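*Asks:* just coords:
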Ligand SMILES: O=P(O)(O)OC[C@H]1O[C@H](O)[C@H](O)[C@@H](O)[C@@H]1O
């Protein structure tokens, strides 16, 4: 069972020759207008489409790719999604079985629960680095070159690369690893859909609320005073950092490579500059909506003097 545009080859050229039944697959024909949904494994509509197809067809596993097959996600036979932190947890479990103790390099927006899972349950090391598939891959290569073993560089976006695959940014290869795990469980007599995969991520703590709010910087606003949006964004981050230091309810993340990350109210937030856009993405995770709002309020009150920052997404989130 599989879906997605250019990745259509995977059903015909990989899954079928291996003996898989792929009859419930959908959207295998490329169409640049993307008539079905945004081709993004982080997108809720995209994940809903593959989940429904898995359940309707009683498939053992669902696989979804983005347009050029470098991002992927999976769905187990019960409709449980393996994308974002859960995909990283699954891939970490598979890679750490093969390479005990190895370092997993991820992007900056990964959850605190993922760190606990990788380090306490799997016995690996979580190196939370920067957003951007190239950044995580380059960092994993660098770690190996200075003697720290790393076999997996992966983003919540679904981009992922393995050392054994020459650090290619390759969503199809990630799914091959997942399929391998499923097939070897079958071969050793463990049936039951894709439960073997679900079991691998057991114990991963997931937040009740996880949001990404993208705060735009108006590049024509007089507050920029002819400077770049980047400079403006850096000034916002600097001020937020000062606020955190003077707020006893917030603790600055001791190790952080991008933007400003802080814990508080049982959750965390990260405000950073987008890789490409005049935007400051704000990620907030917490156990409840109330706690997530408290974190949002802390950010909002810290940056309120920055009038070129478009706050409507955050305002909407924190409104009573
Ligand atoms: O920084 P953002 O705007 O959230 O974008 C971040 C994303 O940018 C590009 O699409 C890269 O290919 C991704 O690897 C990265 O995750």
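*Replies:* Yep, that arrived. Since the structure is predicted, the reported quantities are computational estimates derived from the model, not experimental observations.
*Asks:* Quick check: closest non-adjacent residue to the residue in the stretch 51-200 of the chain positioned nearest to the ligand.
*Replies:* Proximity of the stretch 51-200 of the chain to the ligand (Cβ to the nearest ligand atom) peaks at residue 133, 3.7 Å away. The C-beta positions use only the backbone N, C-alpha and C, and glycine is treated the same way. Once flanking residues are discounted, residue 133 sits nearest to residue 159: 3.6 Å by Cβ to Cβ, 6 or more residues apart in numbering.
*Asks:* buried ones in stretch 246-254?
*Replies:* 250, 253 (16 or more other Cβ atoms under 10 Å).
*Asks:* what does it rub up against?
*Replies:* Defining contact as Cβ atoms under 8 Å, 6 or more residues apart in numbering, one finds that stretch 246-254 is touched by 241, 244, 245, 260, 261, 262, 263, 264, 265, 268, 298.
*Asks:* Pull out the buried members of these.
*Replies:* Counted by 16+ other Cβ under 10 Å, the contacts of stretch 246-254 give 241, 244, 260, 261, 262, 263, 264, 265, 268, 298 as buried.
*Asks:* near the ligand, which of these show up?
*Replies:* Counting by Cβ under 6 Å from any ligand atom, nothing from the buried ones among the contacts of stretch 246-254 sits close to the ligand.
*Asks:* ok, which pair from the residues you listed is furthest apart?
*Replies:* 241 and 265 (18.2 Å; Cβ to Cβ).
*Asks:* Can you add distance to residue 12 and give the contacts of stretch 246-254 back as JSON lines?
*Replies:* Listed next are those as JSON lines, based on distance: Cβ to Cβ, whole Å:
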{"residue": "241", "distance to residue 12": "51"}
{"residue": "244", "distance to residue 12": "52"}
{"residue": "245", "distance to residue 12": "56"}
{"residue": "260", "distance to residue 12": "47"}
{"residue": "261", "distance to residue 12": "43"}
{"residue": "262", "distance to residue 12": "48"}
{"residue": "263", "distance to residue 12": "47"}
{"residue": "264", "distance to residue 12": "50"}
{"residue": "265", "distance to residue 12": "49"}
{"residue": "268", "distance to residue 12": "43"}
{"residue": "298", "distance to residue 12": "51"}
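*Asks:* What about those, which are in strands?
*Replies:* Cross-referencing the contacts of stretch 246-254 against strands under DSSP state E gives 260, 261, 262, 263, 264, 268.
*Asks:* List, one by one, the residues from the stretch 51-200 of the chain near the ligand.
*Replies:* 131, 132, 133, 155, 157, 159.
*Asks:* again, only this time at 5 Å
*Replies:* Residues of the stretch 51-200 of the chain found near the ligand (Cβ under 5 Å from any ligand atom) are 131, 132, 133, 157, 159.
*Asks:* Contacts only, for the closest residue to residue 154 other than its chain neighbours.
*Replies:* Excluding the flanking residues, the one nearest residue 154 by Cβ to Cβ, 6+ apart is residue 160, at 3.8 Å. Residues in contact with residue 160 (Cβ under 8 Å, 6+ apart) are 72, 87, 91, 133, 152, 153, 154, 169, 170, 171, 173, 174.
*Asks:* Much appreciated, bye for now.
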